[in-house]
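Q: Here's a sequence, model it:
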Amino acid sequence: MVRPMPSAVLAISGASGARYGVRLLEQLCAAGWEVHLIVTSAGAINLDLECSITPEELAATNGALLEDNDNLAAKAASGSAKFDAYVICPASGTTMGKLANGISDNLVTRAGMVAMKERRKLVVVPRETPYATVQLENMTRLSTWGVIVLPANPGFYNKPETIDDLVDFVVARILDQLDVEHELGQRWTGEEIHTAESANPDFTP
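A: Alright, predicted model coming up:
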């Protein structure tokens with residue numbers, strides 16, 4: 001029996017960090033996933049500002065299906081339409097606030113609500129700092145309900161040299177949550193400290 005192609009809903013909302021969503025889409029499509037892409041109006045503005053690309057161009061370049069955020073009759077709006085994962089990357093505070101309060105007034109929030117009610121994997125990637133207390137409370141509520149809250153906080157132990165390295169660090173963590181094999185950076189082995197100590201006897205971690 002042929003295993004069906006894995007599928008995901010990927011939403012790019014209005015927070016800065018559209019580059020994370022672009023890179024994630026590239027990786028999912030390259031891994032053979034069917035991706036339904038949703039971009040909010042504010043997300044489209046950030047795509048233009050940060051990546052110089054339109055939602056239509058982004059979808060066409062990667063072979064994704066672009067959905068209309070105003071279309072609540074789209075496939076992603078129904079619980080009977082099964083997807084393997086739902087990701088909002090980046091996730092704005094407004095989008096998370098709506099989800100945390102049961103508001104599904106567009107396709108992004110409706111798809112997120114479908115994932116929650118059907119107990120499917122939902123990853124939200126907030127990219128904002130500092131967080132208002134209400135945003136922290138909303139993220140806590142979502143996490144309590146099983147949503148994976150994965151802030152776009154890149155690490156530096158792998159000695160990033162470019163912005164792409166920083167983006168890939170976060171995207172790699174998202175792909176790990178989706179069980180997607182990738183080669184975005186090196187994984188921690190536990191030997192890094194010993195290697196540093198051997199190279200420099202005066203090393204202090």
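Q: Student question: in this structure, what's the helix or strand with minimum average pLDDT?
A: helix 192-199 (a mean of 63; mean pLDDT, DSSP states H and E).
Q: What about Leu99, how many residues nearby?
A: For Leu99, the number of neighbouring residues by other CB atoms under 10 Å comes to 25. All C-beta spots, glycine's among them, are computed from the backbone N, C-alpha and C.
Q: Distance of it relative to Pro126?
A: Plainly put, Leu99 is 12 Å away from Pro126 if you go by CB to CB, to the nearest Å.
Q: isn't Lys98 right up against Thr109?
A: Yes - using CB atoms under 8 Å, Lys98 is in contact with Thr109, at 4.7 Å.
Q: more crowded one of those two?
A: Thr109 (24 against 20).
Q: Extract the C-alpha trace of the helix or strand the more buried one falls within and format it as CSV.
A: Using DSSP states H and E, Thr109 maps to helix 107-117. Taking Å, rounded to 0.1, in the frame of the first residue of the first chain, the C-alpha atoms of helix 107-117 are listed here in CSV:
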residue,chain,number,x,y,z
LEU,A,107,-9.0,30.8,7.6
VAL,A,108,-5.8,31.0,9.7
THR,A,109,-7.6,31.0,13.0
ARG,A,110,-10.2,28.5,11.8
ALA,A,111,-7.5,26.1,10.7
GLY,A,112,-5.8,26.5,14.1
MET,A,113,-9.2,25.9,15.8
VAL,A,114,-9.7,22.8,13.7
ALA,A,115,-6.3,21.5,14.8
MET,A,116,-7.2,22.1,18.5
LYS,A,117,-10.6,20.6,18.4
